[in-house]
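*Asks:* Mind looking at a prediction? Sequence and model below.
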Amino acid sequence: MKLSFKEGDWVDFNTWTSEFGVSGQSGINVSNANNVIVCVSRENGDGVPYKDRWYNHMLWDGVCFTGQGLEGDQTLTKVNRRLKQDKRAYFFRKKGSLYLYCGLFILVEERNNPNPRPELQNDINGNRRNVWMFNMKYSDNHYPEKLAEEMKKF
């Protein structure tokens, strides 16, 4: 997909939603017309209970991303099922009113480690519930230098 921005660029909401053809109103956004999934990781305190974990390691760079669903147990249906089946998504990290473009990520395939996997987290009301965590890695294994620098701002 040809985009007007690259990994490590900060873009506004209208720019990225228009280019990918998604509404951008959810953490997991699907464009059937463009055959893409676009995920947005929001930082704690941004009105969502999700606890995404971003990694910058020697082995790979990636994210453990929380599935969609604010209240009660999450299910592997709708966009959660689509992310599991497609095994790839474009990622952004939201900070304030801007979005850091992180690039294309793929689901980590491990023999004895289910992906996605269930985890206990609080929902929007503070109640314990099961969520689905998607272990995703940057498609080229390691973040480009510009993206790695911008990731330090979180």
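*Replies:* Cool, the structure landed. Numbers count the residues shown, from 1 in each chain.

*Asks:* contacts and neighbour counts: CA atoms only from here.
*Replies:* OK.

*Asks:* which other helices and strands contact the least confident helix or strand in the chain by mean pLDDT?
*Replies:* Between all helices and strands in the chain, the lowest mean by mean pLDDT, DSSP states H and E belongs to strand 53-56, at a mean of 91. Contact here means 3 or more Cα pairs under 8 Å, 6 or more residues apart in numbering; DSSP states H and E; on that basis strand 53-56 packs against strand 61-66.

*Asks:* and the strand it packs on, which strands flank it?
*Replies:* strand 53-56 (antiparallel), strand 128-138 (antiparallel) (DSSP bridges).

*Asks:* Where among those strands is average confidence lowest?
*Replies:* Ranked by mean pLDDT, the strands paired with strand 61-66 end with strand 53-56 at the bottom, a mean of 91.

*Asks:* any idea how far Leu59 is from the residue sitting nearest the centre point of the chain?
*Replies:* In the chain, the C-alpha nearest the mean C-alpha coordinate belongs to Cys39, at 3.9 Å (Cα atoms, centre = their mean). Per Cα to Cα, to the nearest Å, Cys39 is found 23 Å from Leu59.
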